[in-house]
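Undergrad: Okay, predicted coordinates and the sequence, questions at the end:
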Amino acid sequence: MLYKSSSDKHDYQPLYQESFVLIKATSLEKAKAKALNHGKNESVSYTNENEETITWSLQQVVDVNSVLDDDFDSSEDVVDLYTRHFRNYEAYQSFEPLLSKEQFE
């Protein structure tokens with residue numbers, strides 16, 4: 001999942017966050033719907049220490065795929081696995097084939 005920060009500050013540089021989540025679903029279609037819903041629910045706005053409004057919002061669900069071992073214990077339908085942040089969206093876009101609709105064979 002790809003999130004983007006924005007701000008009401010004129011010269012704000014967006015920060016991006018890539019998150020990997022584990023979703024319980026009975027099909028890839030249902031998992032995609034849950035991922036989209038989860039991403040939209042994670043959108044948040046807050047005022048930082050400089051009195052600027054920062055908003056994090058879902059940019060895109062990049063990929064949904066099944067796991068090799070679906071026997072995970074969790075009472076939650078969505079489990080965060082890994083998150084990283086970056087500023088250069090173009091660089092991310094250049095190495096992430098799923099953003100450009102390329103698919104691995």
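TA: Good, I have the coordinates.
Undergrad: can you list the weak-confidence ranges in this protein?
TA: Within the chain, the stretches with pLDDT under 70 are 68-76, 79-80, 82, 97, 100-105.
Undergrad: need the helices for it, in chain order.
TA: Using DSSP state H, the helices of the chain run over 28-41, 89-95.
Undergrad: Now render the ones you listed as CSV, adding mean neighbour count.
TA: Bear in mind the C-beta positions are built from the backbone N, C-alpha and C, glycine included. Formatted as CSV, the helices of the chain follow (neighbours: other C-beta atoms under 10 Å):
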stretch, mean neighbour count
helix 28-41, 15
helix 89-95, 11
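Undergrad: Distance to residue 50 added to these, as JSON lines?
TA: Rendered in JSON lines, the data for those read as follows (distance: least, C-beta to C-beta, whole Å):
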{"stretch": "helix 28-41", "distance to residue 50": "27"}
{"stretch": "helix 89-95", "distance to residue 50": "23"}
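Undergrad: Tell me which of these lies nearest to residue 83.
TA: Each of the helices of the chain was scored for nearness to residue 83 using C-beta to C-beta, and the closest is helix 28-41 (12.6 Å).
Undergrad: could you say what helices and strands the closest one packs with?
TA: Contacts defined by 3 or more C-beta pairs under 8 Å, 6 or more residues apart in numbering; DSSP states H and E place helix 28-41 against strand 16-23, strand 53-60.
Undergrad: let's see it at 10 Å
TA: The contact analysis (3 or more C-beta pairs under 10 Å, 6 or more residues apart in numbering; DSSP states H and E) places helix 28-41 against strand 16-23, strand 53-60, strand 78-86.
Undergrad: Since that was my last question, I'll sign off now.
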